[in-house]
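Peer 1: got a structure for you, letters missing:
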């Protein structure tokens, strides 16, 4: 592409592209898509296992029913041989085994239906995110071409290069913290439902023991409610562990689940919220400085060619309130399967003293190796300074290599 003469229209195009890219990157759509794709693979593997388990349960139910039918068909002969008491005992045993197998089959079917619904939801999210990521890639490529034509394939200044490198690192840092915040927010919601479902299941089971034994219909209804809530609670706990796969869960007993909920809320409030806000502020400030530097360079070029540029380099910034709305939208919790019913009305768990809580997870467990990003930024900054000092007399020869380095660095950061 030839050199592009900078006009007010050129500057406005840059500002428009920068606004659109920033608004899309603040949603963290690249990492959201990658996370959903990884989640889909994991859930599909679980679905395959559940299908096998469900088939085994169906086969077991058929066998147990055949045993009951066989015993019923030969009832007269066997009763005459064993006597009524032993025959009734054998029949009760076979019927109990059949009912147990039938119950396991129903639970397996419920688990399979739940995981199938999860797959459908994740696939729908991936379908929505994919064109967004493609649009972002297209905008970034368009901006790269524009900047390349404006600055003749080089950086406008050493400061612009350093700011862009720093912003790449800060965007990745904010994205990582944003993903952690998203996971812990969803984990907290899933855990709250699991606790409520466990409490409701225990409540129904306790009421079941106080019922008149002749009221079999109510007994069966309560037992089914208790079973269904326990099943849903287990699924929600398992999904929580999938969201927080890097965390070693310190709790497993029923009373300790309440402590886990408190620990989750504590990490979310005292660690992730603070780090997410800090990372977002750093990234926003660096983005502002990079915009100002680029607009200043463009304005100088326009005026150098005898033109007039009335655009203040500090103008045309993204509205902070608009960004905040996008940040809030980023961390909305997913809908939780199995959340219907009276378990919603259960009172919240009693808060635990801080001294009784497990130690919080490390920064690396929460966000990944952010120090690696910092080291990479420091190394690249040092390398750039050396190259600038060595190649001042050979700038024209290395223009395309520097442009490629700009793109390669972005690619490396995105793939981290």
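Peer 2: Everything's here; your move. Because the structure is a prediction, the values reported are computed rather than measured.
Peer 1: got a list of what residue 234 touches?
Peer 2: By Cβ atoms under 8 Å, 6 or more residues apart in numbering, the residues touching residue 234 are residue 194. All C-beta atoms are positioned from the backbone trio N, CA, C, and that covers glycine.
Peer 1: Please name the residues that touch residue 301.
Peer 2: 6, 150.
Peer 1: In terms of helices and strands, where is it?
Peer 2: For residue 301, the element it lies in under DSSP states H and E is helix 273-304.
Peer 1: go on, residue 91?
Peer 2: Going by DSSP H and E, residue 91 is part of helix 84-150.
Peer 1: what's that helix packed up against?
Peer 2: Applying 3 or more Cβ pairs under 8 Å, 6 or more residues apart in numbering; DSSP states H and E, one finds that helix 84-150 makes contact with helix 8-25, helix 29-73, helix 75-82, helix 216-243, helix 273-304, helix 399-415.
Peer 1: Can you say which of these is nearest to residue 113?
Peer 2: helix 29-73 (9.5 Å; Cβ to Cβ).
Peer 1: Show me what the closest one packs onto, helices and strands only.
Peer 2: helix 84-150, helix 158-208.
Peer 1: tilt between that helix and helix 8-25?
Peer 2: Counting by axes from the mean of the first three to the mean of the last three Cα atoms, to 10 degrees, helix 29-73 lies at 30 degrees to helix 8-25.
Peer 1: Quick check: the gap between the closest residue in space to residue 37 that isn't next to it in sequence and residue 241.
Peer 2: Distances taken as Cβ to Cβ, 6 or more residues apart in numbering put residue 126 closest to residue 37, at 6.4 Å, once the chain neighbours are dropped. Per Cβ to Cβ, to the nearest Å, residue 126 is found 22 Å from residue 241.
Peer 1: What's the local residue count around residue 205?
Peer 2: Using other Cβ atoms under 10 Å, residue 205 has 16 neighbouring residues.
Peer 1: Do I have it right that it meets residue 226?
Peer 2: Yes. Assessed by Cβ atoms under 8 Å, residue 205 is found in contact with residue 226 at 4.7 Å.
Peer 1: pLDDT-wise, which helix or strand of this protein ranks last?
Peer 2: Every helix and strand of the chain was ranked by mean pLDDT, DSSP states H and E. The lowest is helix 320-330, at a mean of 38.
Peer 1: Residue 164 and residue 185: what is the separation?
Peer 2: 31 Å.
Peer 1: And for residue 105?
Peer 2: According to Cβ to Cβ, residue 105 stands 35 Å off from residue 185.
Peer 1: now do residue 162
Peer 2: Applying Cβ to Cβ to residue 162 and residue 185 gives a distance of 34 Å.
Peer 1: Check residue 300 too.
Peer 2: Distance of residue 300 to residue 185, given as Cβ to Cβ: 45 Å.
Peer 1: which residues does residue 223 contact?
Peer 2: Residues near residue 223 by Cβ under 8 Å, 6+ apart: 204-205, 208.
Peer 1: Just give me the closest of those residues to residue 285.
Peer 2: Closest approach to residue 285 among the contacts of residue 223 (Cβ to Cβ): residue 204, at 54.0 Å.
Peer 1: The closest residue to that closest one other than its chain neighbours: neighbour count?
Peer 2: Residue nearest to residue 204 in three dimensions, not counting chain neighbours: residue 226, with 4.3 Å by Cβ to Cβ, 6+ apart. Residues near residue 226, counting by other Cβ under 10 Å, number 20.
Peer 1: Neighbour count for residue 300 and residue 185, which is higher?
Peer 2: Shown here are residue 300 and residue 185; by other Cβ under 10 Å, residue 185 has more neighbours (20 against 14).
Peer 1: quick one: contacts for the residue lying closest to residue 58 once chain neighbours are set aside?
Peer 2: Closest residue to residue 58 apart from its sequence neighbours, by Cβ to Cβ, 6+ apart: residue 105 at 5.9 Å. Counting by Cβ under 8 Å, 6+ apart, residue 105 touches 54, 57-58, 60-61.
Peer 1: Now with 7 Å, please.
Peer 2: Neighbour list for residue 105: 57-58, 61 [criterion: Cβ atoms under 7 Å, 6 or more residues apart in numbering].
Peer 1: Same question for stretch 87-103: list its buried residues.
Peer 2: By neighbour count on 16 or more other Cβ atoms under 10 Å, the buried set for stretch 87-103 is 87, 91, 94-95, 97-98, 101.
Peer 1: Hmm, I typed the wrong one, I wanted stretch 217-226.
Peer 2: Neighbour-count burial for stretch 217-226 flags 219, 222, 225-226 (criterion: 16+ other Cβ under 10 Å).
Peer 1: can you tell me which of those residues lies nearest to residue 135?
Peer 2: For these, the closest approach to residue 135 (Cβ to Cβ) belongs to residue 225, at 46.9 Å.
Peer 1: you'd agree that closest one is up against residue 202?
Peer 2: No. The pair residue 225 / residue 202 is not scored as a contact, 11.4 Å apart, by Cβ atoms under 7 Å.
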